[in-house]
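In: model the structure of this input:
(chains A and B)
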Amino acid sequence: TQLLEQSPQFLSIQEGENLTVYCNSSSVFSSLQWYRQEPGEGPVLLVTVVTGGEVKKLKRLTFQFGDARKDSSLHITAAQPGDTGLYLCAVTSGTYKYIFGTGTRLKVLA
Amino acid sequence: DAGITQSPRHKVTETGTPVTLRCHQTENHRYMYWYRQDPGHGLRLIHYSYGVKDTDKGEVSDGYSVSRSKTEDFLLTLESATSSQTSVYFCAISERPGQGAGELFFGEGSRLTVL
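Out: Prediction:
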């Protein structure tokens, strides 16, 4: 059983469309991170959210941490081909472990 | 870019043979991690280290062992490789896990194929 479930698993959209991906759990977390991974590379951190209800924006990407700190969403406005990649949410479990979600693979078509 | 080097980057081996993957960092970060990545599973934690000679198991540790004799090196060993261990393996480092976690920096991955 995965601690973090992400949906959808796959998403293929046209350039210019908006989309939202989700990261859900039944557990409460002190913070949550989003990473993006491009083919052949390791994941790279996009954002860390720490407060329930927090909203952070990174250009066309908007991240929200749920009020109960159990879930998070990532919204992309006017998607571009450069947004293509695997989006992963992650939390720290215990003192040292980073646990990742199942991932959403996004493809943006030109 | 964080100074993390994984070796080898690609390896093909046969079932039953031992395999060691190496992760070398130049950032002097205390915490090091080994993950495997398979379709539909995201990244799954194999083992991690919270200091020299201090290691612990992750979610999928069966069939794997690790060692950390120096701050900069974290080795992952498959004592007797099986086809189910065919995967892409990522090393990662962190300066500050836990509450208000800091960034996890990743290597470029090692693709292992067990025939």
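
In: once you drop chain neighbours, what's closest to residue A:104?
Out: Distances taken as C-beta to C-beta, 6 or more residues apart in numbering or on different chains put residue A:21 closest to residue A:104, at 4.3 Å, once the chain neighbours are dropped. Placement of C-beta: from N, CA and C, glycine included.

In: right, I mislabeled it, should have said residue B:72
Out: residue B:25 is the one closest to residue B:72 (C-beta to C-beta, 6+ apart), at 5.3 Å.

In: number of nearby residues for the closest residue to chain B within chain A?
Out: Residue nearest to chain B within chain A: residue A:42 (2.8 Å; C-beta to the nearest C-beta). A count of nearby residues for residue A:42, using other C-beta atoms under 10 Å in any protein chain shown, gives 24.

In: tell me the pLDDT of it.
Out: On pLDDT, residue A:42 comes in at 95.

In: and it, what does it touch?
Out: B:90, B:92, B:105, B:106, B:107, B:108, B:109 (C-beta atoms under 8 Å, 6 or more residues apart in numbering or on different chains).

In: residue B:50 versus residue A:32, what's the distance?
Out: When distance is defined by C-beta to C-beta, to the nearest Å, residue A:32 is 21 Å away from residue B:50.

In: what separation is there between the residue nearest to residue B:72 and residue A:9?
Out: From residue B:25 to residue A:9 the distance is 32 Å (C-beta to C-beta).

In: which of those two has more neighbours?
Out: Using other C-beta under 10 Å, the more surrounded residue of residue B:25 and residue A:9 is residue B:25, with 20 against 13.

In: what about the strands in chain B?
Out: Ranges of strands within chain B are B:4-7, B:10-13, B:19-25, B:31-37, B:43-51, B:54-57, B:64-70, B:73-78, B:87-94, B:104-106, B:110-114, based on DSSP state E.

In: need those strands in CSV with mean pLDDT, can you?
Out: Below are those laid out as CSV (pLDDT from 0 to 100):
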stretch, mean pLDDT
strand B:4-7, 96
strand B:10-13, 97
strand B:19-25, 98
strand B:31-37, 97
strand B:43-51, 95
strand B:54-57, 95
strand B:64-70, 97
strand B:73-78, 98
strand B:87-94, 97
strand B:104-106, 95
strand B:110-114, 97
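
In: let's have the ones you listed in TSV, adding distance to residue A:76.
Out: Converted to TSV, the strands of chain B look like this (distance: least, C-beta to C-beta, whole Å):
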stretch	distance to residue A:76
strand B:4-7	28
strand B:10-13	33
strand B:19-25	32
strand B:31-37	22
strand B:43-51	21
strand B:54-57	36
strand B:64-70	36
strand B:73-78	34
strand B:87-94	24
strand B:104-106	22
strand B:110-114	29
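
In: give me every residue that touches residue 23.
Out: In the absence of a named chain, chain A is used. So residue A:23 contacts A:4, A:5, A:6, A:32, A:34, A:71, A:72, A:73, A:74, A:89, A:101 (C-beta under 8 Å, 6+ apart).

In: oops, chain B please
Out: B:4, B:5, B:6, B:32, B:34, B:73, B:74, B:75, B:76, B:91, B:107.

In: cheers, nothing more for now.
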